[in-house]
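[1] The following comprises the amino acid sequence and a computationally predicted model.
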Protein chains: 2
Amino acid sequence: MPFSLSSLGERQSPSEITRLMAVALERPDILSLAAGFTDNESLPLEDVSSVVDEIAQEGLAGRSALQYGSNIGREGLRELVANRIEDSDTTKRGTLNREQLYISNGSQQALYLAVQTLCDPGDIILVEQPTYFVFLEILQGLGARPIGIPTTSESEIDLAGLESLLVEAERTGELERIKALYLVSYFANPSGSSVSEATKEGIGKILGGLSSTVAIIEDAAYREIYYEKPFSAKSCLALEPYQGAPVFYTSTLTKPYASGLKVGYAYCTEPLWLAAMLNVKGQQDFGTANFAQTIVERAVKKGYLDRHLNSLRSIYHAKMNTLHEALSGPLESLGWNWKAPEGGLYLWLNSPTGLRTDANSPFHEACIKQGVFYVPGDLCYPDSRICDRIRLSFGVLGEEDLREAARRFVAAAMAMTEPARG
Amino acid sequence: MPFSLSSLGERQSPSEITRLMAVALERPDILSLAAGFTDNESLPLEDVSSVVDEIAQEGLAGRSALQYGSNIGREGLRELVANRIEDSDTTKRGTLNREQLYISNGSQQALYLAVQTLCDPGDIILVEQPTYFVFLEILQGLGARPIGIPTTSESEIDLAGLESLLVEAERTGELERIKALYLVSYFANPSGSSVSEATKEGIGKILGGLSSTVAIIEDAAYREIYYEKPFSAKSCLALEPYQGAPVFYTSTLTKPYASGLKVGYAYCTEPLWLAAMLNVKGQQDFGTANFAQTIVERAVKKGYLDRHLNSLRSIYHAKMNTLHEALSGPLESLGWNWKAPEGGLYLWLNSPTGLRTDANSPFHEACIKQGVFYVPGDLCYPDSRICDRIRLSFGVLGEEDLREAARRFVAAAMAMTEPARG
C-alpha cells in the first residue's frame, strides 16, 4: 500500500537554505551573516504595546481586533497602504483602486499566490541574476521554471539581451510559456541594487511589443529601507509603458517594522488575476490575522511606522558601514570586490576569480570553522551556477558582533587565498 | 495578447458564501445567523493586553516576539499543543513526536497544505454529508473531487456503505484516486455532531484493509468547544486501527479564544507528507507570525486559554439554548426538525419536506426580506444537492438579537409554509 503525494508534494525538495540554517543552529558559537532577520534591539515593542493598550481601553470596539476580519483585509489599512504607494510614486492620491489592493500574510504569501494563479508546471518566469532565493524556491515548488534575464557587465539588466531572449522564445514557440518577469526593484535581496526608471520603462516597452502577454511581478520589499534618500524610480504601477498591462506589485509593512507581525500587501491591475488570488487566499486563510492588521493600521496612522523607519535607516546605514569597512581593507587586497549599497540589508560580495563559495566549497567550510555563516550566492541564480558570490546580512548582529564576524570572515578568506590559486 | 492564468487560477470560482455575505453586508439591518464568527463581547482583550504588557517589560528578550520565528513554529508552543492533544486523548505525555507537529496560519492553512501536497486535479477525498463548506472550496480550487460518504438514516457515517463504496472504487480502478477521508470529528461544522470512537475504529479497519493507502484528515477545530463535557472519542492519532497509517490531525488555538490571532496547528504521522507540507509552508510564509504565536503560547501556559474556554462553554451553551428554544416551538409545529448540539457553534435545521432553502429559493428570499441571514445547507454537500438544510450560527449575536433573529426566521418560515405545498 504505497503512500503517494500529489505531483506538487513529490516535487518538494528541502530548502537548501533551511538545511544550512540547521547546520548553523548546531553551532551556537557561530555568528550568522546569513539570516535576513531584522535588527532585534530596535524592534518597536513600546509602539506595539502602546497600541495594544489603546485598543484595550476601547471596550467592545477594541475587542473586535481579536475577531475574524475580511479576506481582502482591513479597509482602513488598505487605504493607508494605497496612500503610501501613491505618495512614493508621486501620483495623485486616489489613483489606485482600493479594491485591487489586498492585505497578505507577509509579502511572501502574495508572491506565492501570484505565481500559483499564473503558472502551470513548466511555465516560465524571467528573473534577475541574482534574484531572491525564496522566490526561486516558490517556482521550484510549483514546478515553474526560472530563466535568467541577461545582465550587462555592470550587473544591470541588459535590455538588448532581454529582447533577444524574447525574440528567440517567440521563434521556438516558448514565448507563451513565459508568464511573468520578476523584479526585486529597490535595494534588492541579495544584490542591494535597484532598477532604474529607464530600465523599467525599457522592459515595459519590450513586453508591450510581444505577441503574448508577460506580466510584471514587482517586489518592492526593501523600497522603504533606504539609508539617505528613496531610490528615485517610480514603481511599474505608475509608469506609462505598463498602463493596460498586468502589473502585480507587492511589499511589506512589517519587515522594516516588526517582522513578527507579518503583514504584507499586493496590488494587482488585472481583475481576473486578482480575483483568482483572492479566491485562493480565501481557501488558505480567509484573511490575514485581524489583530496584526489592526496593530499595523494604527502604527501607520499614528506615524509610528514612519518614525521607526527614520531611525531604522540610520541603524542599518551604520551597520552596513561597519561591516563594509571592516571587510573592505583586508578583502580588497585579496581581490574581493563589491559595492556599498544605498539601502537594504545585504552586502553582495564577489570573491576573487576562481574562489568557490558554494555550500560544498572549502571556503564555506573554512567560514564555519572560523565561526561565521553566510548565504552562498549560487542559491540566488536560476540556472547557470555562479559560484563566486556571497550574501552577507548585517540586519541582526550588533556593531561589535559585526566586527567580530568580519574578522572571522577575513581569516577564512586569507586561509583560502593560497589554495584558490591551485 | 490574451492574458492567461494557470489552470489552478482558471479554476477559481468566486466563493458562493462570500457572494452571499456581500449581499448581507449591503443590508446593515440584517441579523446574520450565517457567519461562523465568535462571540465578540467575550473576546479576551484583557488577557492579550496583559500578556503584551508582560512581554513589553522583558526588554530585549520580549522584543524578540516581534522578530521572525521558525517555519515549523515556536518550540514551546508546539510542546504545549502536544501536551493538550495527549491529555485529550488520555495518552501518556511525550507520546507524540514534537517534530511532527507544526504551527499554522490558522487550521485553514493546515487543511490547505494537506490537500495541496496530497491531491492532484481529479484525485478524490471522501467527505461527510454534510461537511465543512470551506473544505469543499479548497478541493474545488485545487481541482480535487469530493465524494460523499454514505450516511445512515440517523445521519451517521454508514460503515457498510463506506465499505461498498470502496469495494466498488477498487473494481472500477478508481481506488487509487481516493487519497484521503476527511472527518470533522467533534461538534462538526455544520452538523454539530461528533464521530464516535467505534465509527472511527470501523473506518480505520476498513481503510487498513484496502490495496491502496487512504489517509485520514481529522479536523478537530471544535473539539474544545463542548458545553458540558468533552466528546468521549479519542482522536484517530490515538486509535489502534490507525497505527502505521497516514493520519493528519489539525485544530486551532484561537477560534475558541481570539480568532483575530489566527494560530492553528497540525500533526502528521507520515514523514514524507509532513516534509512536503513544511516545504510548501516555507514558500507561503516561512512560519506563522511569531508575535501571535508568542501571545498564544503565554496564554496557554498561564491557563488563560483554559479559563476562557470554561467561560466560553457556558456562553455558547446559553446562546445555543436561546436560539434553539426560540425556534423549536413555532418551527416544530411547521414540520422543521433538528437536534440541539452538545458543543460547537451551529444549529443544523432540516426544513419540512419540499421546502427548498438554497440561495435561489423563495424561502431564502423571504428571510432576507425579514432581515435574517443563514447559510444554505446545500453548500455543505459534495454532490447530490440536498436543498432542505440550513446552518444557523449563534456565535456572534447577543441573546436579544438571537431572539429577534429567531422571530424573523419563524416569520419567514410561516410565510413559506403555504407556497411550499404547491
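    That came through fine. Just so it is clear, the structure is predicted and the values come from calculations on it, not from any experiment.

[2] What mean pLDDT does stretch A:47-63 get?
    Averaging pLDDT along stretch A:47-63 gives 94.

[3] ok now it, how far from the chain's centre?
    32 Å (C-alpha atoms, centre = their mean, to the nearest Å).

[4] now swap in stretch A:30-41 and tell me
    16 Å.

[5] near chain B at all, it?
    Yes - applying C-beta under 8 Å from any C-beta of the partner chain, one finds stretch A:30-41 touching chain B at A:35, A:37-38, A:40-41. In this view, the C-beta of every residue, glycine as well, is placed from N, C-alpha and C.

[6] How is chain A divided into domains?
    A:7-43+A:307-417, A:68-304 (automatic domain parsing).

[7] most tightly surrounded among the ones you listed?
    domain A:68-304 (a mean of 21; mean count of other C-beta atoms under 10 Å in any protein chain shown).

[8] and the end-to-end length of it?
    Domain A:68-304 has an end-to-end distance of 25 Å (criterion: C-alpha to C-alpha, to the nearest Å).

[9] tell me the secondary structure for the residue in the stretch 101-250 of chain A that chain B sits nearest to?
    In the stretch 101-250 of chain A, the residue that lies nearest chain B is residue A:117 (3.5 Å; C-beta to the nearest C-beta). At residue A:117, secondary structure determined by DSSP: H, G, I helix; E, B strand; the rest coil is helix.

[10] got it, and residue A:249?
    strand.

[11] who does it bridge with?
    For residue A:249, the beta-bridge partners are residue A:218, residue A:267 (DSSP bridges).

[12] okay, and the helix or strand of chain A with the least pLDDT?
    When the helices and strands of chain A are scored by mean pLDDT, DSSP states H and E, helix A:16-25 comes last with a mean of 76.

[13] picking up where we left off before, which residues touch the residue of the stretch 101-250 of chain A closest to chain B?
    Contact analysis of residue A:117 by C-beta atoms under 8 Å, 6 or more residues apart in numbering or on different chains lists A:273, A:276-277, A:280, B:5-6, B:8-9, B:12.

[14] quick check, nearest of those residues to residue B:174?
    Closest approach between those and residue B:174, by C-beta to C-beta: residue B:8, at 22.7 Å.

[15] Can you tell me the element that closest one falls in?
    Using DSSP states H and E, residue B:8 falls within helix B:7-11.

[16] any idea of the mean pLDDT for that helix?
    97.

[17] Any residue of that helix touching chain A?
    Yes - interface with chain A: helix B:7-11 contributes B:7-10 (C-beta under 8 Å from any C-beta).

[18] mind listing the strands for chain A?
    A:31-32, A:101-104, A:124-127, A:145-148, A:178-184, A:215-219, A:247-252, A:264-268, A:346-350, A:372-373, A:375-376, A:389-393 (DSSP state E).

[19] CA atoms only: put the longest one into PDB for me.
    What that stands for is strand A:178-184. The C-alpha coordinates for strand A:178-184 follow below in PDB (Å, rounded to 0.1, in the frame of the first residue of the first chain):
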ATOM      1  CA  ILE A 178       6.800  32.900 -20.300                       C
ATOM      2  CA  LYS A 179       4.100  34.200 -17.900                       C
ATOM      3  CA  ALA A 180       5.900  37.000 -16.000                       C
ATOM      4  CA  LEU A 181       9.000  38.900 -15.300                       C
ATOM      5  CA  TYR A 182      10.000  39.200 -11.700                       C
ATOM      6  CA  LEU A 183      11.800  42.300 -10.500                       C
ATOM      7  CA  VAL A 184      13.100  43.000  -7.000                       C
END
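
[20] Neighbouring strands - and their directions - for it?
    strand A:124-127 (parallel), strand A:215-219 (parallel).

[21] could you dump those strands to CSV with distance to residue A:81 and mean pLDDT?
    As requested, those are exported to CSV (distance: least, C-beta to C-beta, whole Å; pLDDT from 0 to 100):
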stretch, distance to residue A:81, mean pLDDT
strand A:124-127, 25, 98
strand A:215-219, 15, 98
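
[22] closest one to residue A:239 among those?
    Nearest of the strands paired with strand A:178-184 (C-beta to C-beta): strand A:215-219, 9.7 Å.

[23] Who are the packing partners of the longest helix along chain A?
    In chain A, assigned by DSSP state H, the helix with the most residues is helix A:304-333. Applying 3 or more C-beta pairs under 8 Å, 6 or more residues apart in numbering or on different chains; DSSP states H and E, we find helix A:304-333 packed against helix A:45-56, helix A:290-301, strand A:346-350, helix A:399-421.

[24] Could you point out which of the ones you listed sits nearest residue B:268?
    Closest among the helices and strands packed on helix A:304-333, using C-beta to C-beta: helix A:290-301, at 26.2 Å.

[25] can you pull the pLDDT of the residue of the stretch 101-250 of chain A closest to chain B?
    98.

[26] Give me the nearest residue to it, chain neighbours excluded.
    Spatial nearest neighbour of residue A:117, excluding adjacent residues (C-beta to C-beta, 6 or more residues apart in numbering or on different chains): residue B:9 at 3.5 Å.

[27] who's in contact with that neighbour?
    A:116-118, A:272-273, A:276.

[28] of all those, which comes closest to residue B:97?
    residue A:116 (30.2 Å).

[29] wait, doesn't that closest one sit right on residue A:280?
    Yes - using C-beta atoms under 8 Å as the test, residue A:116 is close enough to residue A:280 to be in contact (6.2 Å).
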